[in-house]
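Student: A structural model of the following input is requested.
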Amino acid sequence: MKPQNAIRNVPAPSDTSGILGAARSGANVPLHNTTLAKAIIAPGGSSARLGVSDMLDQRLVGQLEARRLVLTLGRQHREAAKQRPLDTRVNRNVLLIGPAGTGKTCIPQGVCDALGLPLAIVDAAGFGTSRIQGRPLDEIFGEMLQAAGSKLSRAESGVLLLENLDHLLRMIPEAGRDLQQAWVQLMNGRSRMVATTQGTQVLASSGWWVIGSGTFEGLGLAAARRQNQHAIGFQVGDPKSASPYATAADLIALGMLPALVARMPFICELHPFRPDDLLAISCLDHSAVGHWMLAFRRAGVSLEFAEDARRDLARQAEALKLGAHGLQAVLGSRLGHLMARLPELRGQTQRVVVDLGAMLGQSAPKIIAGPPLFPLTDEAEPKHDFETEDWPPDLQELFPPGVVPARPARIRQSSSGNDRLATLVDLRPFLGAKP
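Tutor: Modelled structure (predicted):
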């Protein structure tokens with residue numbers, strides 16, 4: 001008997017729209033939320049939806065369940081944002097759980113870019129309360145306004161991505177609970193005065209769509225205990241009999257506040273990438289391999305990878321258990337010397353071919369000399385011209401061109417050795433400026 005909620009067992013559809021095509025074709029795509037099921041399996045999809053799905057297919061690899069969940073909730077949030085006043089009765093907050101490098105950040109970024117939603121990304125554990133030191137929580141309002149282009153109407157319905165939510169569980173218990181409670185209050189709705197292009201206005205967080213993410217190590221053990229299975233060490237029992245989805249009870253068992261878990265009703269797990277997935281990711285323009293090829297292209301060099309070299313790159317990255325981040329780690333360790341020689345290759349090399357031997361560290365990459373294949377990009381750093389810079393009037397009088405000190409001057413305060421930064425009043429007698 002097939003599991004009722006294992007979406008990964010559904011055959012891959014031939015339609016380019018991905019998982020949405022499977023839902024429209026009548027495939028058995030069971031979901032653990034009725035609202036989500038009605039939104040996805042609704043007949044008569046428009047061409048705009050297919051366009052968004054195609055954009056995500058070109059930017060993301062795998063994680064179909066998380067992609068369709070975030071995409072559907074994002075569409076619902078965009079439609080709700082068009083209403084005035086904002087409809088905040090439906091809670092669409094979602095929690096993405098998965099290992100490092102599985103798309104917990106890229107999926108919200110891709111969906112928000114495709115739907116035109118402003119996205120602010122913050123570290124959930126980097127803010128402070130009365131008991132811990134950190135960034136003031138009110139700074140989030142400024143970051144959301146900046147992500148919305150200083151437009152209050154867009155900032156009121158923005159998207160907030162809270163990364164590293166699981167780090168709150170590693171803090172001091174009292175401080176961790178205080179910060180979790182602060183996030184609960186933010187999701188309930190807080191208002192702060194912000195400076196916009198139209199003056200000072202009030203920005204409320206009640207209309208924000210919050211996406212949480214974290215690795216949440218030990219969640220499998222919590223699920224095993226919930227199912228009354230015996231777990232020893234890292235063994236969590238038979239994976240076929242375990243539930244493939246985490247529940248709110250498992251998160252509460254790890255130490256999250258029930259109030260915070262209740263504010264994120266949608267829970268979705270992201271699975272580790274396989275070597276085939278990492279191979280497909282390496283072919284994307286915005287992947288680590290794409291960034292390396294772009295850096296060489298700016299120097300006029302064509303960086304090429306053989307097929308067997310790409311496969312070995314994906315194999316080594318999968319062995320590191322870092323997901324897509326493993327691609328950058330392997331490239332840096334295997335081809336770091338090649339990146340160091342890039343200034344020497346600039347303008348004198350035509351192609352650099354990385355084969356399997358170079359990826360294994362057994363041989364050097366093949367360097368083919370010749371004229372550049374691409375236009376050279378000027379990498380000269382702009383020089384800071386102090387003489388043409390517009391200084392404030394008092395500093396123009398105090399510091400004429402050519403006498404700007406290289407480092408802040410210090411003035412002795414007492415014979416005990418304590419000193420402080422010199423002020424304008426201290427420097428005027430030495431520079432001959434007018435008092």
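Student: only C-alpha atoms for contact and neighbour calcs from this point on.
Tutor: Will do.
Student: in this protein, what helix or strand scores lowest on average pLDDT?
Tutor: Every helix and strand in the chain was compared by mean pLDDT, DSSP states H and E; the lowest is helix 34-40, with a mean of 31.
Student: any weak-confidence spans in the stretch 201-350 of the chain?
Tutor: Residues of the stretch 201-350 of the chain meeting the criterion pLDDT under 70: 228-245.
Student: now the helices for the stretch 101-250 of the chain?
Tutor: 106-115, 139-147, 152-155, 173-188, 219-226, 248-254 (DSSP state H, counting those that start in this stretch).
Student: strands of the stretch 51-200 of the chain, start to end?
Tutor: Along the stretch 51-200 of the chain, the segments classed as strands by DSSP state E, counting those that start in this stretch run 94-97, 119-123, 159-163, 191-196, 199-204.
Student: direction included, what does the fourth one pair up with?
Tutor: Right, strand 191-196. Note on strand 191-196: by DSSP bridges, its sheet partners are strand 199-204 (antiparallel).
Student: can you list the buried residues in the partner strand?
Tutor: By 16 or more other Cα atoms under 10 Å, the buried positions in strand 199-204 come out as 203, 204.
Student: again, but for stretch 298-309
Tutor: Within stretch 298-309, the residues scored as buried using 16+ other Cα under 10 Å are 298, 299, 300, 301, 302, 303, 304, 305, 309.
Student: contacting residues for the first one?
Tutor: Put plainly, it is residue 298. Contacts of residue 298 were listed using Cα atoms under 8 Å, 6 or more residues apart in numbering, and they are 374, 375, 376, 377.
Student: got those as TSV, with distance to residue 282, neighbour count and pLDDT columns?
Tutor: As requested, the contacts of residue 298 are arranged in TSV below (distance: Cα to Cα, whole Å; neighbours: other Cα atoms under 10 Å; pLDDT from 0 to 100):
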residue	distance to residue 282	neighbour count	pLDDT
374	22	15	87
375	24	12	86
376	25	15	83
377	24	12	76
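Student: I'd like these as TSV, with secondary structure and distance to residue 119 appended.
Tutor: Listed next are these as TSV, based on DSSP: H, G, I helix; E, B strand; the rest coil; distance: Cα to Cα, whole Å:
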residue	secondary structure	distance to residue 119
374	coil	35
375	coil	34
376	coil	34
377	coil	31
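Student: which of the residues you listed sits closest to residue 136?
Tutor: Taking Cα to Cα as the measure, residue 136 lies nearest residue 377 of the contacts of residue 298, at 40.9 Å.
Student: I'd assumed residue 296 was in contact with that closest one.
Tutor: No: if you go by Cα atoms under 8 Å, residue 377 and residue 296 don't touch, sitting 10.3 Å apart.
Student: which residue is the nearest non-sequential neighbour of residue 205?
Tutor: In this structure, residue 205 finds its nearest non-sequential neighbour in residue 189, 4.9 Å apart by Cα to Cα, 6 or more residues apart in numbering.
Student: pLDDT score assigned to that neighbour?
Tutor: In the predicted model, residue 189 carries a pLDDT score of 89.
Student: for it, give its distance to residue 141.
Tutor: 12 Å (Cα to Cα, to the nearest Å).
Student: now for these two: what residues contact both?
Tutor: By Cα under 8 Å, 6+ apart, residue 189 and residue 141 have these common neighbours: residue 205.
Student: more crowded one of the two?
Tutor: residue 141 (22 against 14; other Cα atoms under 10 Å).
Student: gap between residue 142 and residue 314?
Tutor: To residue 314, residue 142 is 40 Å away according to Cα to Cα.
Student: what of residue 334?
Tutor: 13 Å.
Student: next secondary structure after whichever helix or strand residue 289 is part of?
Tutor: Under the criterion of DSSP states H and E, residue 289 resides in helix 288-298. Once helix 288-298 ends, the next helix or strand along the chain (criterion: DSSP H and E) is strand 302-305.
Student: what helices and strands are in contact with that next one?
Tutor: Here strand 302-305 touches helix 288-298, strand 349-354, going by 3 or more Cα pairs under 8 Å, 6 or more residues apart in numbering; DSSP states H and E.
Student: packing partners of the last one?
Tutor: Put plainly, it is strand 349-354. When contacts are defined as 3+ Cα pairs under 8 Å, 6+ apart, strand 349-354 packs onto strand 302-305, strand 366-369.
Student: would you mind giving the ones you listed as CSV with distance to residue 255 added?
Tutor: Output for those, formatted as CSV (distance: least, Cα to Cα, whole Å):
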stretch, distance to residue 255
strand 302-305, 46
strand 366-369, 53
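Student: pull out the buried residues from stretch 337-350.
Tutor: The neighbour-count criterion (16+ other Cα under 10 Å) identifies 338, 345, 346, 347, 348, 349, 350 as the buried residues of stretch 337-350.
Student: I'm done for today, thanks for sticking with me.
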